[in-house]
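Enquirer: using only what follows, build the 3D model:
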Amino acid sequence: MIEVVPGRSGDAGAQLRLRPPRALSARQFRGLFAALSGAMWLVAGLGWLAGNVFAPAFALLHSAGLALALRWLWRSGERGEEIAIGAGAVEVRRGADIVFSAHPHWVRMQREGDDGRVMLSSSGRRVEVGAFLGPAERSQLAGCLKQFLAAADGDGRNR
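Expert: This next block holds a predicted model:
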């Protein structure tokens, strides 16, 4: 998901927030876990009634494994990037770390590979942005970056 945040009143730039797309909200994710665990415990209860005394123990282990897997999946969806483009600097942040910073006049945006990876480069440094986005969103990102870099540079040459 690409969110365009306009610059502050005195700024000439903009900020892009990139996040992986999510199909479920947090509440729906908990509902999914409850439905899967409920079905698992129902089958384990039927197995226990049929004489399998180990079914509840395996259901408990399976529930714990499912909870860990879903939590890992949810946490991986929290990663994101912020690209701040202003008159004085272009910065790419991942979390609290700045992974790329350069003057907008010297920053070049390229699309590479069959999947259309978006790369920002300046002075021999390169960084891929939006790696977790789909191909259509990467095209949208490339268009936004091209537009904002041209506006920050002033004349838009070599974009």
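
Enquirer: only C-alpha atoms from now on, for both contacts and neighbour counts.
Expert: Noted.

Enquirer: OK, contacts around R111?
Expert: R111 is in contact with 117-119, 142, counting by Cα atoms under 8 Å, 6 or more residues apart in numbering.

Enquirer: give me that answer again for 6 Å
Expert: Going by Cα atoms under 6 Å, 6 or more residues apart in numbering, R111 touches 117-118.

Enquirer: in which helix or strand does it reside?
Expert: R111 belongs to strand 108-112 when assigned by DSSP states H and E.

Enquirer: listing partners with orientation, what would you give for that strand?
Expert: As defined by DSSP bridges, the strand partners of strand 108-112 come to strand 117-122 (antiparallel).

Enquirer: what's next to whatever helix or strand comes next after the strand it pairs with, contact-wise?
Expert: Moving toward the C-terminus from strand 117-122, the next helix or strand (DSSP H and E) is strand 125-129. When contacts are defined by Cα under 6 Å, 6+ apart, strand 125-129 is touched by residues 118-120.

Enquirer: neighbouring strands for strand 125-129, and are they parallel or not?
Expert: In the sheet, strand 125-129 lines up with strand 117-122 (antiparallel) (DSSP bridges).

Enquirer: what about the partner strand, average pLDDT?
Expert: Average pLDDT, strand 117-122: 94.

Enquirer: got the contact list for it?
Expert: Contacts of strand 117-122 (Cα under 6 Å, 6+ apart): 106-111, 126-129.
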